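> Prediction below, plus the sequence it came from.
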Amino acid sequence: MDGSSKPTCRLVKPGSTYDGKQGLSYFAGIAAETVGSKAICMHILTMPPGARAKAHLHENHETAIYMLSGKADTWYGDNLEHHVVVSAGELFYIPAGVPHLPANTSDEPATAIIARTDPNEQESVVLLPELDGLVKV
């Protein structure tokens, strides 16, 4: 192994964003694409008032969310039958394969740190358009 292929620490500064399949725009943080991570990704998401994602699941990885500011509603379950409001300072866990749909129903932006166990987190996103109409925001 030569010195150029040896893993090293990397700093990611704010600036670059990408649009996820879920319909939201993410700060391009820690991921295989940005730093070469092998088993984790971490992003910052700010949802403006009224924003909502498309119903989806992450087929093969878990998600951990820490709400920095604001609050977000999330519907989850096979038919999005469960509902939780995640407020600033709270953490929320989503197991692999669980359908969910987050939305910001408040008048303030909602910002969260999102960590996933897949460095290429968009690859295992499965959109569930048949569930989108089940949640009225």
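It's in. Numbers count the residues shown, from 1 in each chain.

> Name the helix or strand for Gly97, please.
Counting by DSSP states H and E, Gly97 is held by no secondary-structure element, helix or strand.

> what about Leu57, distance to Ile94?
The spacing between Leu57 and Ile94, counted by C-beta to C-beta, to the nearest Å, is 9 Å. Glycine gets a C-beta too; all of them are placed from N, C-alpha and C.

> which residues do those two both contact?
Counting by C-beta atoms under 8 Å, 6 or more residues apart in numbering, the residues touching both Leu57 and Ile94 are His100.

> which SSE is the residue positioned nearest the centre of the chain in?
When C-alpha atoms, centre = their mean is applied to the chain, the residue found nearest the centroid is Ile114 (5.2 Å). Secondary-structure element containing Ile114, defined by DSSP H and E: strand 110-116.

> just checking, what packs against that strand?
Using 3 or more C-beta pairs under 8 Å, 6 or more residues apart in numbering; DSSP states H and E, the elements in contact with strand 110-116 are strand 41-47, strand 63-69, strand 71-76.

> What is the distance between that strand and the centre of its chain?
On the basis of C-alpha atoms, centre = their mean, to the nearest Å, strand 110-116 sits 6 Å off its chain's mean C-alpha point.

> what pLDDT, on average, does that strand get?
For strand 110-116, the per-residue pLDDT values average out at 95.

> mean confidence score for the next helix or strand after that strand?
Going down the chain from strand 110-116, the next helix or strand is strand 125-127, by DSSP H and E. Within the predicted structure, the mean pLDDT of strand 125-127 is 89.

> What is the end-to-end distance of stretch 21-29?
Start and end residues of stretch 21-29 are separated by 16 Å (C-alpha to C-alpha, to the nearest Å).

> Stretch 98-108 too?
End residues of stretch 98-108 are separated by 27 Å (C-alpha to C-alpha).

> before we move on, what about stretch 58-67?
Counting by C-alpha to C-alpha, you get 19 Å between the two ends of stretch 58-67.

> what do you get for stretch 61-77?
Start and end residues of stretch 61-77 are separated by 16 Å (C-alpha to C-alpha).

> And the helix or strand harbouring Gly29, what does it pack against?
In the assignment (DSSP H and E), Gly29 maps to strand 25-30. Under the contact criterion of 3+ C-beta pairs under 8 Å, 6+ apart, strand 25-30 touches strand 17-19, strand 41-47.
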